[in-house]
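>>> Okay, predicted coordinates and the sequence, questions at the end:
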Amino acid sequence: MVAPRGLARFNRHVTNRVFGVLAPIAPGFGVIEHVGRKSGKTYRTPVNVFGTDDGYLVALTYGPDSDWVRNILAAGGCTVTTRGHQVRLSEPEIVHDPQRSRMPFGARQILGLVGVEDFLTLRTATD
């Protein structure tokens, strides 16, 4: 079970605006910048994000059908700011992993409590 859509709406209007200031520098968090596939507008979404050998892994707390995920898939990439660094990302792919095997131990435990089993993998873009 992923977080309910009502909580997603609340977070988008309240929590994200407050946490958006800390997410770009806090460990385990970041801000994804993506372009709306219909509006063409640029959006910034705070996320749980972790580095991998070739890019980043993002926990899909609200599931793979979230608008921001669909925007990134349609665009073929995005930008992430995490731990004070901005990185262009490409090759988005949704991965279903009920064991959360690629997540750090602490994050694996917390995400398990809310039932997160889907993740977005992104590779560091090579220009």
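Nice, I can see it.
>>> CA only for contacts and neighbour counts going forward, please
Fine.
>>> Just checking, which helix or strand succeeds the longest strand along the chain along the chain?
Scanning the chain for the strand with the most residues, using DSSP state E, yields strand 85-96. Counting by DSSP states H and E, the next helix or strand C-terminal to strand 85-96 is helix 105-113.
>>> Check the offset of the strand or helix carrying R70 from the chain's centre.
R70 is part of helix 67-75, with elements assigned from DSSP H and E. Mean-position distance between helix 67-75 and its chain equals 11 Å (CA atoms, centre = their mean, to the nearest Å).
>>> That helix vs strand 85-96, what angle?
100 degrees (axes from the mean of the first three to the mean of the last three CA atoms, to 10 degrees).
>>> Dump the C-alpha coordinates for helix 67-75 into CSV.
Taking C-alpha atoms only, helix 67-75 is exported to CSV below (Å, rounded to 0.1, in the frame of the first residue of the first chain):
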residue,chain,number,x,y,z
ASP,A,67,2.0,12.9,-12.6
TRP,A,68,5.6,13.8,-11.9
VAL,A,69,6.7,10.2,-12.7
ARG,A,70,4.7,10.2,-15.9
ASN,A,71,6.2,13.5,-16.8
ILE,A,72,9.8,12.2,-16.4
LEU,A,73,9.0,9.0,-18.4
ALA,A,74,7.5,11.1,-21.2
ALA,A,75,10.4,13.5,-21.3
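>>> where does the protein dip in pLDDT?
1-23 (pLDDT under 70).
>>> quick one: the very next helix or strand once past the helix holding R70 to chain centroid distance?
Tracing the chain C-terminally past helix 67-75 and defining elements by DSSP H and E, one meets strand 77-82 next. Relative to its chain's centre, strand 77-82 lies at 9 Å (CA atoms, centre = their mean).
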